[in-house]
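# Quick one, structure for this:
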Amino acid sequence: MLKRIAAATLFAVGLASGNALAQDTVKIGLILPMTGPFASTGRQIDGGIKLWMQQNGTTVAGKKIEVILKDDAGNADTTRRVAQELLVNDKVQILAGFGLTPLALTVAPMATQAKVPMIVMAAATSAITEQSPYIVRPGFTLPQVTTPMADWASKNGIKKVVTLVSDYGPGIDAENAFKTRFPLRNPDFAPFLQRVRDASPDAVFVFVPSGVGAIFMKQFTERGLDKSGIKLIGTGDLTDDDILNDMGDVALGVITSFHYSAAHNSAANKAYVEAFKKLNGYRPNFFSLGGYDGMRIIYKALETTKGSTDGTALVDAMKGQQFESPRGPVTIDPATRDPIQNVYLRKVEKVNGELWNIEFETMTAVKDPTHKPQ
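Numbers count the residues shown, from 1 in each chain. Predicted coordinates for the structure are as follows:
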């Protein structure tokens, strides 16, 4: 017990001394999974951040921006440790990144204690922003992108659906959001593909974390579900732009709902995709925008505060921000600190020899349907 108290005291003292120093540099502690099974998430976010800084410089309101990247390999214990090191030793004024929900949740109490803005660039469980008044999310929530798919399915002749989701925060969010909007009779949703086939539904709704979609599609094909007449629908994580071409033609025709496609037809997005690929050497996905627009939010907030890094002032300056992103118009909801944005229905099609998520319907200004204002 004495050791725990001493550590907590040291943490608080370290923060106080850091905040008391006048700084000409704004330090952003960026925590991402750069290795391990979710390394593609970290790579995409880091790529978006680098592009924003290349295009917009490294100085804001007279302050130099320094990004300190730490790899947590997707491990919550590592996330907690490096977050404390960044706050106490590096004296960062902003935390950012967080590739998975458990990683964001473990740091939320630190952000509250330190009164440091925490920009969640990837993790999408709805309740994350409720864990600290200092959390701002530029990306999306799973219920936000799921309910449009449920609405579309119920209007397009799909009457019986099996849901197959990963058993953790985002998957549960996705399943609950789908069930809330889609009129299902049977609440017993099968966890295995063979049981999906045995149930003979009109469609199977799938949520798997980004990067796992290729494995799922392979198993879907191996069990013959691609020829069974069962429609495959899901959130855009399933046909992630980062791995879509690796899936092959089995992905053709898969319908998803999401807030971003690299094929989004706008001048801003075409310029973004071209610049991102030139800088990083690969196609951007939705996580890249978590980094790109996350830095946009930080820069604009620093402009508003005239360089002040007071945590409360920065978060207040982030609330209500409106901007045109490569994905379309975005507003940071001042009540929830989550994005209000368009959600698109997309179908995988082949264009010029490559697979793309081609948008065919738009739901405008979608809010998270489950999140309670604080």
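# helices or strands next to the host helix or strand of residue 298 in the packing?
Per DSSP states H and E: residue 298 is located in helix 286-304. Using 3 or more C-beta pairs under 8 Å, 6 or more residues apart in numbering; DSSP states H and E, the elements in contact with helix 286-304 are helix 39-56, strand 59-60, strand 94-97, strand 118-120, helix 311-318, strand 322-325. Where you see a C-beta, it was placed from the backbone N, CA and C, and this is true even at glycine.
# Most tightly packed of those?
Each of the helices and strands packed on helix 286-304 was assessed for mean neighbour count using mean count of other C-beta atoms under 10 Å. The highest is strand 118-120, with a mean of 30.
# next structured bit after that one?
Proceeding N to C from strand 118-120, the next assigned helix or strand is strand 135-136, under DSSP H and E.
# contacting residues around that following strand?
104, 108, 111, 117-120, 128-129, 297, 315, 318-319, 332, 337 (C-beta atoms under 8 Å, 6 or more residues apart in numbering).
# For the chain, which segments count as strands?
Remark: strands assigned in the chain by DSSP state E are 25-32, 59-60, 63-71, 94-97, 118-120, 135-136, 161-165, 203-207, 231-235, 255-258, 322-325, 328-332, 339-351, 354-366.
# Export these as CSV, with columns for distance to residue 291.
Shown next, in CSV, are the strands of the chain (distance: least, C-beta to C-beta, whole Å):
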stretch, distance to residue 291
strand 25-32, 9
strand 59-60, 16
strand 63-71, 10
strand 94-97, 8
strand 118-120, 9
strand 135-136, 14
strand 161-165, 25
strand 203-207, 22
strand 231-235, 20
strand 255-258, 17
strand 322-325, 12
strand 328-332, 14
strand 339-351, 14
strand 354-366, 20
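# Please identify which of the contacts of strand 135-136 is nearest to residue 273.
If you rank the contacts of strand 135-136 by distance to residue 273 using C-beta to C-beta, residue 297 comes first, at 20.8 Å.
# where does the stretch 51-200 of the chain dip in pLDDT?
Where the stretch 51-200 of the chain drops to pLDDT under 70, the residues are 163-192.
# rerun that using 50 as the cut-off
166, 168-169, 171-175, 177-191 (pLDDT under 50).
# Just give me how far stretch 288-307 sits from the chain centre.
16 Å (C-alpha atoms, centre = their mean, to the nearest Å).
# typo on my end, it should be stretch 24-44
The chain centroid and the centroid of stretch 24-44 are separated by 13 Å, computed with C-alpha atoms, centre = their mean.
# Tell me which residues of it come out buried.
Buried positions in stretch 24-44, judged by neighbour count with 16 or more other C-beta atoms under 10 Å: 26-34, 38-44.
# Just the pLDDT for residue 18.
You'll see residue 18 listed with a pLDDT of 43.
# Make 52 the starting number, not 1.
In the new numbering, first residue 52, that becomes residue 69.
# hmm, back to that, which of the helices and strands packed on helix 337-355 sits closest to residue 284?
helix 90-107 (22.8 Å).
# Would you mind pulling the contact partners of that closest one?
Under C-beta under 8 Å, 6+ apart, the answer for helix 90-107 is 81, 83-85, 116, 118, 120, 122, 148, 150-151, 172-173, 261-262, 293-294, 323, 326-327, 330-331, 333, 335-336, 338-347, 350.
# Report the mean confidence score over the helix holding residue 349.
Helix 337-355 comes out at a mean pLDDT of 98.
# Contact partners for residue 78?
Applying C-beta under 8 Å, 6+ apart to residue 78 gives the contacts 117, 119, 141, 142, 143, 144, 145.
# how many neighbours does the residue lying closest to residue 358 once chain neighbours are set aside have?
Excluding its sequence neighbours, the residue lying closest to residue 358 (C-beta to C-beta, 6 or more residues apart in numbering) is residue 112, at 3.6 Å. Residue 112 has 14 neighbours, counted by other C-beta atoms under 10 Å.
# contact partners of stretch 370-390?
Outside stretch 370-390, the residues that reach it (C-beta under 8 Å, 6+ apart) are 177, 180, 186-192, 195, 310-311, 315, 317, 319-320, 322-324, 337, 340, 343-344, 347-348, 351-352, 366, 369, 391-393, 416, 418-419, 422-425.
# swap that for stretch 340-348, please
Against stretch 340-348 from outside (C-beta under 8 Å, 6+ apart): 95-100, 102-104, 107, 147, 170, 172-173, 187, 189-190, 311, 323, 369, 372, 374, 376-378, 381, 383.
# switch to 6 Å and redo it
96, 99-100, 103, 147, 170, 172-173, 189-190, 311, 369, 372, 376, 378 (C-beta atoms under 6 Å, 6 or more residues apart in numbering).
# ok, now stretch 315-327?
102, 313, 335, 377.
# rerun that using 8 Å as the cut-off
98-99, 102, 106, 313, 334-335, 339, 343, 375-379, 395, 410.
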